[in-house]
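Visitor: with the sequence up front, the predicted model follows.
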Amino acid sequence: MSVLLIEPFYGGSHKQLMDLLQEELQEDCVLCTLPAKKWHWKARTSALYFMQTVPTSSNYRILFASSVLNLAELAALRPDLGKLKKVLYFHENQLAYPVQKCQERDFQYGYNQILSCLVADVVVFNSAFNMESFLKSIGKFMKLIPDHRPKDLEKIIRPKCQVLYFPVRFPDVSRFMPEHKLARLEKVIGVKRNGDSYQLEGLPGQQESRAVMKTSDAHLESGLCEPQPGLCTTQHEGLPSPPAAPVQAEAPESTNPCQGEDKQCLTFNLSNILSGLDYQQRPLHIAWPHRWEHDKDPETFFKVLMKLKEQGLPFHVSVLGETFSEIPDILKAPAWRPLGLLCRALQQKV
């Protein structure tokens, strides 16, 4: 086991990525995790926990961790781990994360990520925006320090950074596609025929990224990831008006908020969609794939939906996002009661 995987917040996309790496590496890795609860506590204290729980091994060559971990603290607390090639992966960064109320105590979270980057050998981001928003915010962020501010940290960190898009596994739909589209896929994005199906070898640049953690006798490769189970999709035609009849989410005989919806909204001819037939005639389909929290700005999303409804435009809405203990205030208004019920139903399912 030459690769040590550490995830202090083992849930959602963080879990998907670690599970993928573990699946690809199999017996060549060891995975150490903490539950995906109370993010702020994990970010501040997980290094001390992993200092005590990560098994000692002379076989480790690479340490791969998400930016939730304070890598600088762990490297100092465990000198044996500090000697490894350290790869830090950013799902999100705290310098660009929107906060509802700025508090001095929150400075530590962005500061910890900067320290981790300084200690890491390779810093990987899941998008160019994530990388640039972090790097370009370092200078402004450091101005929050009252005096004796460190300088030129961006110049030190940037050479270590690169983008590695988050791996996603899509269903094989090649059997529904006409030959000319299959030929184009093979030419443009490197799809190769494997019997009756096609396999995606990766977009240009992604194949190069697979060497991020490569060493003389151990390497990680970019792979494909199973979607996270437990998410629920509900479809609406337009926005619901204030309910004059019971909403499906309230029905006691059904524990699944997705049941009882218009089945026609959930079915379509995939071959027609892929070939462009009927596409322009179908109503706009809007998806909300995010969790219900302020940083995703659900208020603006639902205000746009209300405008569409006021204009009488036909559309469908799929709500897939994870929910937590608080529901945005806009969903508590009478006109949005069905969506508020939907949120609570989803909350019970996740």
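Guide: Received the coordinates, thanks. Numbering: from 1, shown residues only.

Visitor: is it fair to say residue 44 lies in a helix?
Guide: Yes. With DSSP: H, G, I helix; E, B strand; the rest coil as the criterion, residue 44 is part of a helix.

Visitor: tell me who's in contact with it.
Guide: Contacts for residue 44 (CB atoms under 8 Å, 6 or more residues apart in numbering) come out as 70, 108-109, 112. Backbone N, C-alpha and C define where each C-beta goes, glycine included.

Visitor: among those, who's most crowded?
Guide: Using other CB atoms under 10 Å as the neighbour criterion, residue 70 leads these with 27 neighbours.

Visitor: hang on, that one packs against residue 112?
Guide: Yes. Using CB atoms under 8 Å, residue 70 is in contact with residue 112, at 4.6 Å.

Visitor: helices along the stretch 1-150 of the chain, start to end?
Guide: Along the stretch 1-150 of the chain, the segments classed as helices by DSSP state H, counting those that start in this stretch run 12-25, 39-53, 71-77, 79-82, 107-119, 128-135, 138-142.

Visitor: save those helices as CSV, and put in mean pLDDT and distance to residue 302 too.
Guide: Converted to CSV, the helices of the stretch 1-150 of the chain look like this (pLDDT from 0 to 100; distance: least, CB to CB, whole Å):
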stretch, mean pLDDT, distance to residue 302
helix 12-25, 92, 23
helix 39-53, 95, 25
helix 71-77, 98, 39
helix 79-82, 97, 46
helix 107-119, 95, 29
helix 128-135, 96, 24
helix 138-142, 93, 32
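
Visitor: so for residue 320, which of these sits nearest?
Guide: Closest approach to residue 320 among these is made by helix 12-25 (12.8 Å; CB to CB).

Visitor: point out the other helices and strands that the closest one packs with.
Guide: On a contact count with 3 or more CB pairs under 8 Å, 6 or more residues apart in numbering; DSSP states H and E, helix 12-25 meets strand 3-10, strand 29-35, strand 62-66.

Visitor: for residue 116, find the nearest of those strands.
Guide: In terms of CB to CB, the element of the helices and strands packed on helix 12-25 nearest to residue 116 is strand 62-66, at 8.2 Å.

Visitor: each with direction, which strands does the closest one pair with?
Guide: strand 3-10 (parallel), strand 85-90 (parallel) (DSSP bridges).

Visitor: turn these into a markdown table, including mean neighbour count and mean pLDDT.
Guide: A markdown table is the format used below for those (neighbours: other CB atoms under 10 Å; pLDDT from 0 to 100):
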| stretch | mean neighbour count | mean pLDDT |
| --- | --- | --- |
| strand 3-10 | 24 | 97 |
| strand 85-90 | 22 | 98 |
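
Visitor: and those as TSV, adding distance to residue 18?
Guide: Output for those, formatted as TSV (distance: least, CB to CB, whole Å):
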stretch	distance to residue 18
strand 3-10	5
strand 85-90	10
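
Visitor: out of the ones you listed, nearest to residue 300?
Guide: strand 85-90 (25.1 Å).

Visitor: sorry, back to before: so which of the strands paired with strand 62-66 gets nearest residue 55?
Guide: Closest to residue 55 of the strands paired with strand 62-66 is strand 3-10 (CB to CB; 9.0 Å).

Visitor: quick one: contacts of the closest one?
Guide: 14-15, 18, 21-22, 25, 28-36, 39, 42-43, 46, 49-50, 54, 57, 60-66, 68-69, 74, 81, 84, 213, 218, 220.

Visitor: just the buried residues of the residues you listed.
Guide: Among the contacts of strand 3-10, those classed as buried by 16 or more other CB atoms under 10 Å are 14-15, 18, 21-22, 25, 28-34, 36, 42-43, 46, 50, 54, 60-66, 68-69, 74, 81, 84, 213, 218, 220.

Visitor: what about residue 74, distance to residue 59?
Guide: To residue 59, residue 74 is 18 Å away according to CB to CB, to the nearest Å.

Visitor: can you give me the domain boundaries for this protein?
Guide: According to automatic domain parsing, the chain comprises the domains 3-165, 234-349.

Visitor: lowest average confidence across those, which one?
Guide: Mean pLDDT values for these show the minimum at domain 234-349, a mean of 58.

Visitor: wait, doesn't residue 12 sit right on residue 39?
Guide: No. Contact criterion CB under 8 Å: residue 12 and residue 39 do not qualify, at 10.7 Å.

Visitor: circling back to that earlier point, between residue 70 and residue 112, what contacts are shared?
Guide: Taking CB under 8 Å, 6+ apart as the contact rule, residue 70 and residue 112 both touch 43-44.

Visitor: what's near enough to touch the residue nearest to residue 40 when sequence neighbours are not counted?
Guide: Of all residues beyond its chain neighbours, the one nearest residue 40 is residue 109 (7.2 Å), with distances taken as CB to CB, 6 or more residues apart in numbering. Residue 109 makes contact with 40, 43-44, 94 under the criterion CB under 8 Å, 6+ apart.

Visitor: pretty sure residue 35 is touching residue 12, no?
Guide: No. Using CB under 8 Å, residue 35 is not in contact with residue 12; the gap is 11.8 Å.

Visitor: could you measure from residue 284 over to residue 313?
Guide: According to CB to CB, residue 284 and residue 313 sit 7 Å apart.

Visitor: please apply the same query to residue 20.
Guide: As judged by CB to CB, residue 20 and residue 313 stand 39 Å apart.

Visitor: ok, the two, which is more surrounded?
Guide: Remark: of residue 20 and residue 313, residue 20 carries more neighbours, 21 against 11, as counted by other CB under 10 Å.

Visitor: how close does the more buried one get to residue 89?
Guide: For residue 20, the distance to residue 89 (CB to CB) stands at 12 Å.
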